[in-house]
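K.L.:
Provide a 3D model corresponding to the input given below.
(chains A, B, C, D, E and F)
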4 protein chains.
Amino acid sequence: MPSTLRQERDRVRTERRRQDVLDASARVFVRQGYHRTLISDIAAEAGVGQGTFYRHFPDKRAAFEAVFDRFTELLFAEFAGMSANLPKDAREYRDSSVSALLRMAEALERNQDLAKMLMREAPAVDRGLEEKVASFQDGFVFLAKTFLDHATTEGFARPCDTTLVAQAIVGMGISMAHQWWTGRAPDVTLEHLINEVVDFAFFGITDH
Amino acid sequence: MPSTLRQERDRVRTERRRQDVLDASARVFVRQGYHRTLISDIAAEAGVGQGTFYRHFPDKRAAFEAVFDRFTELLFAEFAGMSANLPKDAREYRDSSVSALLRMAEALERNQDLAKMLMREAPAVDRGLEEKVASFQDGFVFLAKTFLDHATTEGFARPCDTTLVAQAIVGMGISMAHQWWTGRAPDVTLEHLINEVVDFAFFGITDH
Amino acid sequence: MPSTLRQERDRVRTERRRQDVLDASARVFVRQGYHRTLISDIAAEAGVGQGTFYRHFPDKRAAFEAVFDRFTELLFAEFAGMSANLPKDAREYRDSSVSALLRMAEALERNQDLAKMLMREAPAVDRGLEEKVASFQDGFVFLAKTFLDHATTEGFARPCDTTLVAQAIVGMGISMAHQWWTGRAPDVTLEHLINEVVDFAFFGITDH
Amino acid sequence: MPSTLRQERDRVRTERRRQDVLDASARVFVRQGYHRTLISDIAAEAGVGQGTFYRHFPDKRAAFEAVFDRFTELLFAEFAGMSANLPKDAREYRDSSVSALLRMAEALERNQDLAKMLMREAPAVDRGLEEKVASFQDGFVFLAKTFLDHATTEGFARPCDTTLVAQAIVGMGISMAHQWWTGRAPDVTLEHLINEVVDFAFFGITDH
DNA sequence: AATGAATGAGGGTTCATTCAT
DNA sequence: GATGAATGAACCCTCATTCAT
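P.N.:
Numbering: from 1, shown residues only, chains lettered A, B, ... in the order given. Here you go, the predicted structure:
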């Protein structure tokens, strides 16, 4: 049926156009922040008319949220299936922590500016997005807690309130990422940073 | 000289009025966030005309910054002179950490909404305020590092990159405060939370 | 190419709309003067929204300048090519002076209010427009000087500082126009006025 | 009576203060033009509070008009009693014209910026001041016409419409003053300018 | 009389959103 | 579907004027 073919081709083209506008939105949001971004800026960046923006997103807020969602999907995809391989002992736990952080760091490196912008802008846009950021963080907390519960059950982690400790670990991680991006840790390699942080997380500051 | 008296009285009244407007600004920023706040909202909240706002602050940005500055001064005042009493051993270190965190938590409790608002909004206002937030955090990092350096020198803390670990600790602390405020840790007392976090910071997750 | 056709049609429509706003601006400036004119007055006069004004002019000043420029172009067009026909003797000089003034007076009559407004308001708007008015006058001075230089060279005009005398003549002419418009010479026909002024310019007040 | 003395002293002081504010107004109007002048600018320039301005003038318009009036009184004082000495012949006419213009030029030189400002700003302030400027000019026209009428009656001036010619002469004079002030006649001495203009007024451009 | 803080109507300008083409 | 000109509500900021001290 040719009309179906035609419909399909149109659908694909529309989807591609939507991606163009979404990409343009991300670039402009990164460059100017949410509130300094005008719809006309996005349209110009995407090389389309302003009306076309409204064909794909009801308003600026929705475009921002779509940028946010695409980013979080990207990050979670990176960790999908990770909880399948639970560590057998403290050494494996530490090793997989380091390698997970390195993978994460790599993934973020490619989207550093985007990540920084989203963490900075999203909570200030409105309550809905503030909540989304918190949920995003909760996702990592859940993952960390799963590992921690496993480790305490298996006896190679100290018994503790695993929810609170998982929150502390994830909060620390996000904060370190932020400080790293904003040049708060110059003259330090990423490997060194991760090793120090993981050591801290495993052993604390006390000298045993 | 009567004119001096007059000048002094006017100065006092002007300063009081400025505080009124500043207080009103803080309340409205907390309620509505930076971008949803209109100058007319602040003026109405303060019970003055719009022009009066501009008599005391050149624009909304300046009022926000003044709110921010007053808050940070308040917090740092709480910790002034703390580094005078460096701990003699791990036990004292832990005890003073817990008591410092409790004091801080108390101080914040009274300004919880303000603190939450400032952390959420300031980075998104502009680069200048983003940097101010970072500097604010750096202030605590410096304090934490001072203690940590002392402890490693005295031998009751594990040798480590004290700058990075101090950054991790402060990042964790701020993040926990945020999660606590936003109801991410329900059914938990503040004492329990602080104890868990301090234990984690001192011993890590490993079972020794 | 249909998109080119579309572009062309849009361009034409935009230009027409710009003219509408420019015409409306001129009418309102004439009616209310520069400083009493609000953008909203111009928009209402043009029958468009306020935003439409800003689509065509960056601000009130620019609209005023455009009105000014269009007026000066109109006037100079009236005199283009005039210096091609230099007079052969005093009689021809006088005749062409009278006819030039009549032509000018006619052109001005159709734009009397506009001319009066521009001469009154432009110098007070800012330095740039004050200078533009002066340059406009200089244009006529140059023309007058060209004729005067020719006449002195040919021997049918008294030797003199032709620049100064040209300035005096043009100043006199503009001033008379102003006085005429503002009803300073009632009960006098335009022909009579021009003849008296030209006689004065050719013979002075002295009885020979 | 001491209270009368005191009243008198107060009256004098008030009058002096009014002059201070008037002087300050003139300086600021010259520097910034009418519309760019704020009441606060005038008060600051006079070294008084804003309220004090309103004690002496009902509004900005009134202060401007007072500046204008003081200027015109100054100029007319310069010419008071001049019409008493009517010239006996063309030579005396010419001589007294030159000397009158020199005296006028001298008087204006001391108030050049003020004169320039008033001519530029007053007509654009409102109809009332526009009319005042015209009346001011009419004063000189009347003076010129008196002389011209006398000269034609006595037979040493060409018969003409003396009102129109007087208007032309005064318009020319004011215009030349303006051009002189605004640097339109560089490399020319005042004497030369006046001589050229008077020659033109007496003999026209024709070579006799 | 002098002051200058307070006022708020006024007006310039922006920009998200619509809609005719 | 795409466009971008048009819109006008919204909002910031100014400044002449008032008035309590």
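K.L.:
Could you check how far whatever residue of chain A ends up closest to chain C is from chain B?
P.N.:
Nearest residue of chain A to chain C: residue A:49, at 11.8 Å (CB to the nearest CB). Yep, even glycine has a C-beta here, placed from its N, CA and C like the rest. From residue A:49 across to chain B, the span is 27 Å (CB to the nearest CB, to the nearest Å).
K.L.:
hmm, the one helix or strand residue A:151 maps to touching chain B?
P.N.:
Assigned by DSSP states H and E, residue A:151 belongs to helix A:127-154. Yes - applying CB under 8 Å from any CB of the partner chain, one finds helix A:127-154 touching chain B at A:130, A:134, A:137-138, A:148, A:151.
K.L.:
Return the member of these nearest to DNA strand E.
P.N.:
residue A:130 (19.8 Å; CB to the nearest atom of the strand).
K.L.:
Chain neighbours aside, what residue packs nearest to that closest one?
P.N.:
residue A:123 (4.3 Å; CB to CB, 6 or more residues apart in numbering or on different chains).
K.L.:
I'd like to check which residues are in contact with that neighbour.
P.N.:
Shown in contact with residue A:123 (CB atoms under 8 Å, 6 or more residues apart in numbering or on different chains): A:129-130, A:133, B:120, B:124.
K.L.:
now swap in residue A:192 and tell me
P.N.:
Residue A:192 neighbours (CB under 8 Å, 6+ apart): B:161, B:164.
K.L.:
where does chain A have its least confident helix or strand?
P.N.:
Ranked by mean pLDDT, DSSP states H and E, the weakest helix or strand in chain A is helix A:2-32, scoring a mean of 87.
K.L.:
what about that helix, near chain B?
P.N.:
No - on the criterion CB under 8 Å from any CB, helix A:2-32 is out of touch with chain B, staying 10.9 Å away.
K.L.:
Near DNA strand E, which residues of chain A are found?
P.N.:
A:37-40, A:50-51, A:54, A:59-60 (CB under 7 Å from any atom of the strand).
K.L.:
Most widely separated two among the residues you listed?
P.N.:
A:37 and A:51 (17.5 Å; CB to CB).
K.L.:
Give me the more crowded residue out of the two.
P.N.:
Taking other CB atoms under 10 Å in any protein chain shown, residue A:37 and residue A:51 do not tie; residue A:37 has more neighbours (20 against 9).
K.L.:
helix, strand or coil for the more buried one?
P.N.:
coil (DSSP: H, G, I helix; E, B strand; the rest coil).
K.L.:
Look up the closest residue to it, ignoring the ones flanking it.
P.N.:
Per CB to CB, 6+ apart, closest to residue A:37 is residue A:28, 5.1 Å.
K.L.:
number of nearby residues for the one you found?
P.N.:
Residue A:28 - counted by other CB under 10 Å - has 23 other residues nearby.
K.L.:
Report the contact partners of it.
P.N.:
Counting by CB under 8 Å, 6+ apart, residue A:28 touches A:37, A:41-42, A:45.
K.L.:
Throw those into JSON lines and include secondary structure, thanks.
P.N.:
Shown next, in JSON lines, are the contacts of residue A:28 (three-state DSSP):
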{"residue": "A:37", "secondary structure": "coil"}
{"residue": "A:41", "secondary structure": "helix"}
{"residue": "A:42", "secondary structure": "helix"}
{"residue": "A:45", "secondary structure": "helix"}
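K.L.:
For those, pick the one with the most neighbours.
P.N.:
When neighbours are counted by other CB under 10 Å, residue A:42 leads these with 25 neighbours.
K.L.:
So that one versus residue D:38, what's the distance?
P.N.:
Counting by CB to CB, to the nearest Å, the gap from residue A:42 to residue D:38 is 41 Å.
K.L.:
just residue A:14 next, same as before
P.N.:
For residue A:14, the distance to residue D:38 - CB to CB - is 57 Å.
K.L.:
go on, residue A:78?
P.N.:
61 Å.
K.L.:
tell me the domain boundaries of chain A?
P.N.:
Listed by automatic domain parsing, the domain ranges of chain A are A:1-57, A:67-203.
K.L.:
which one of the ones you listed lies closest to residue C:109?
P.N.:
So among those, domain A:1-57 is nearest, using CB to CB, at 45.7 Å.
K.L.:
starting at the chain centroid, how far to the closest one?
P.N.:
22 Å (CA atoms, centre = their mean, to the nearest Å).
K.L.:
ok, now stretch A:87-98?
P.N.:
That offset, for stretch A:87-98, works out to 23 Å (CA atoms, centre = their mean).
K.L.:
Quick check: phi and psi on residue A:38?
P.N.:
For residue A:38, the backbone dihedrals (degrees, to the nearest 10) come out as phi -100, psi 150.
K.L.:
distance of it from residue D:175?
P.N.:
Residue A:38 is 50 Å from residue D:175, by CB to CB.
K.L.:
How about residue A:148?
P.N.:
Distance of residue A:148 to residue D:175, computed by CB to CB: 92 Å.
K.L.:
can I get the domains of chain A in TSV with distance to residue B:93?
P.N.:
Output for the domains of chain A, formatted as TSV (distance: least, CB to CB, whole Å):
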stretch	distance to residue B:93
domain A:1-57	41
domain A:67-203	15
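K.L.:
Just the element for residue A:101, please.
P.N.:
Going by DSSP H and E, residue A:101 is in helix A:90-109.
K.L.:
could you check the angle helix A:90-109 makes with the helix or strand following that helix?
P.N.:
The element immediately downstream of helix A:90-109 (helix or strand, assigned by DSSP H and E) is helix A:112-125. Relative orientation of helix A:112-125 versus helix A:90-109 (axes from the mean of the first three to the mean of the last three CA atoms, to 10 degrees): 90 degrees.
K.L.:
Apart from its chain neighbours, what residue comes closest to residue A:105?
P.N.:
residue A:190 (5.8 Å).
K.L.:
pLDDT value on the one you found, please?
P.N.:
Per-residue pLDDT puts residue A:190 at 93.
K.L.:
Report the contact partners of it.
P.N.:
The contact partners of residue A:190, taken as CB under 8 Å, 6+ apart, are A:102, A:105, A:180.
K.L.:
Buried subset of those residues, written for PyMOL?
P.N.:
Here is the PyMOL selection string for the buried members of the contacts of residue A:190, based on 16 or more other CB atoms under 10 Å in any protein chain shown:
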select buried, chain A and resi 105+180
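K.L.:
Dump the contacts of residue A:190 into a markdown table; add distance to residue A:207 as well.
P.N.:
Formatted as a markdown table, these follow (distance: CB to CB, whole Å):
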| residue | distance to residue A:207 |
| --- | --- |
| A:102 | 27 |
| A:105 | 28 |
| A:180 | 26 |
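K.L.:
Count the neighbours of the residue of chain A found nearest chain D for me.
P.N.:
At 31.3 Å from chain D, residue A:36 is the closest residue in chain A, using CB to the nearest CB. Close neighbours of residue A:36, defined as other CB under 10 Å, add up to 12.
K.L.:
now swap in residue A:24 and tell me
P.N.:
20.
K.L.:
ok, now which ones touch the nearest residue to it once chain neighbours are set aside?
P.N.:
Distance criterion CB to CB, 6+ apart; nearest residue to residue A:24, sequence neighbours excluded, is residue A:46 at 3.5 Å. Residue A:46 makes contacts with A:20-21, A:23-25, A:52-53, as judged by CB under 8 Å, 6+ apart.
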